[in-house]
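Novice: Turn this into a structure:
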Amino acid sequence: MEKTRLRIAVQKKGRLADDTFALLKATGLTIKENKGGLFYRIKNLPIDLLLVRDDDIPGFVFDGVADLGIVGANVYEEYALKNDNQRRAQCIQKLGFSHCNLCLALPNTEGYADLNDFNDKTIATSYPNILQTYFKKGGISASTLEMHGSVEVAPKLGIADAICDIVSSGATLEANGLQNVKTIFSSQALLLKTTKDLSTEKKDTITKLLSRFEGVRQSKETKYIMMNAPRSALPALTKLLPGAEAPTVMHLEGQKDSIAIHAVCRESVFWETMESLKTAGASSILVLPIEKMLA
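Specialist: Take a look at the predicted model:
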């Protein structure tokens, strides 16, 4: 069974976990949950989910405990640098969700000119290797205080001069009297793959999974647009359709010179786009989301 069922390590809780399960469900996977258990089973594909801490995922994938893993780029990079890049699993896809930034932050009471302001300071962080690598490239000499959880309170406690932490909205920084002064690393969810040899069955499942992931990504970015127009306006309207291939053109019954135009637009369709289409002669313009898409 282990030779045919693909094992994917995923974060067991948190925003990345929520986004990961949303992706898996969007690809049509039926997940049989086992509350409190380490494994979830996929019913309609030979896949098992391994629910673990996020910082365990890169090592599990590298060692072959899991065949694939979904983890934030920040966790992946910190793990690899900690191990001198000797245990870096293969990143096969950027998944485009769970975006966040690793930022340097100072108390609001302090001014900031440039990175040199961090010389000789102590910075509290959960990412000491990413931070020290960044400082080394910038010629900055600073000390790091490694903390896991509640990093933002370190300046208030007087144990650090500044922090380096993950920032999404910035609300936590603001609540603790801190200002974001520098982004040092941008992160998103990554799909990791083990470097160990896999069976043909597992490789086939990975190929199918990647195709579905790409379909979900494209469907989020793609819209289906429909409109009516005079046939003479077709060339101008086609040029205005964002990222569209050749549109489908249909005759409107009882209207000799009018047509219906349907197109798949691979770029965002803004109000300005719709207004331009209307100015060029289109009417009854509809923009619809695409639930599923397979190229």
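Novice: what's the distance between Gly59 and Ile31?
Specialist: Applying CB to CB, to the nearest Å, one obtains 24 Å for the distance of Gly59 from Ile31. (C-beta placed from N, C-alpha, C; glycine too.)
Novice: what does Asn129 give?
Specialist: Noted for Asn129: a distance of 34 Å to Ile31, by CB to CB.
Novice: Tell me which of these two has more neighbours.
Specialist: Just comparing Asn129 and Ile31: by other CB atoms under 10 Å the higher neighbour count belongs to Asn129, 18 against 15.
Novice: how about Leu173, what does it touch?
Specialist: By CB atoms under 8 Å, 6 or more residues apart in numbering, the residues touching Leu173 are 105, 152, 167, 179-180.
Novice: Please tell me the pLDDT value assigned to the residue nearest to the spatial centre of the chain.
Specialist: The chain has Phe97 as the residue nearest its centroid, 2.2 Å off, counting by CA atoms, centre = their mean. We have a pLDDT of 91 for Phe97.
Novice: How about Ala295?
Specialist: Value listed for Ala295 in the pLDDT field: 65.
Novice: Repeat that for Met1.
Specialist: The model's pLDDT for Met1 equals 47.
Novice: Check Asp63 too.
Specialist: For Asp63, the model assigns a pLDDT of 94.
Novice: That one: neighbouring residues, count only.
Specialist: 13.
Novice: got the contact list for it?
Specialist: Neighbour list for Asp63: Thr194 [criterion: CB under 8 Å, 6+ apart].
Novice: related to what we said a few turns ago, surely the residue nearest to the centre of the chain meets Gln188?
Specialist: Yes. Taking contacts as CB atoms under 8 Å, Phe97 lies within contact range of Gln188: 6.7 Å.
Novice: give the contact list for the residue nearest to the centre of the chain.
Specialist: With CB under 8 Å, 6+ apart as the criterion, the residues that contact Phe97 are 19, 23, 188-189.
Novice: For my notes, confirm Ile163 occurs in a helix.
Specialist: No. With DSSP: H, G, I helix; E, B strand; the rest coil as the criterion, Ile163 is located in strand rather than a helix.
Novice: From Glu77, how far out is it?
Specialist: When distance is defined by CB to CB, Ile163 is 18 Å away from Glu77.
Novice: neighbour-wise, which of those two wins?
Specialist: Neighbour totals were compared for Ile163 and Glu77, and Ile163 leads with 24 against 21 (other CB under 10 Å).
Novice: For the more buried one, give me its contacts.
Specialist: Ile163 neighbours (CB under 8 Å, 6+ apart): 104-105, 123-125, 151-152, 154-155, 178.
Novice: Let me know the secondary structure of the residue nearest to the centre of the chain.
Specialist: Reduced to three states by three-state DSSP, Phe97 is coil.
Novice: quick one, longest helix in the protein?
Specialist: Longest helix of the chain, by residue count under DSSP state H: helix 200-221.
Novice: Spatially nearest residue to Gly96, not counting backbone neighbours?
Specialist: The spatially closest residue to Gly96, leaving aside those adjacent along the chain, is Arg217, at 5.9 Å (CB to CB, 6 or more residues apart in numbering).
Novice: count of residues packed around the one you found?
Specialist: Burial of Arg217 is recorded as 18 neighbouring residues (other CB under 10 Å).
Novice: Use 49 as the first number from now on
Specialist: Noted, 49 is the first residue going forward, which turns the last one into Arg265.
Novice: Helices of the protein, start to end?
Specialist: Using DSSP H, helices in the chain cover 63-74, 105-111, 121-130, 176-186, 202-205, 219-223, 248-269, 282-288, 319-327.
Novice: closest one to Glu158 among those?
Specialist: Each of these was checked against Glu158 via CB to CB, and the shortest separation belongs to helix 202-205, namely 9.3 Å.
Novice: what does the closest one contact?
Specialist: Counting by CB under 8 Å, 6+ apart, residues outside helix 202-205 touching it are 154-155, 172, 193, 195, 208-211, 224-226.
Novice: make it 6 Å
Specialist: By CB atoms under 6 Å, 6 or more residues apart in numbering, the surrounding residues in contact with helix 202-205 are 155, 172, 208, 211.
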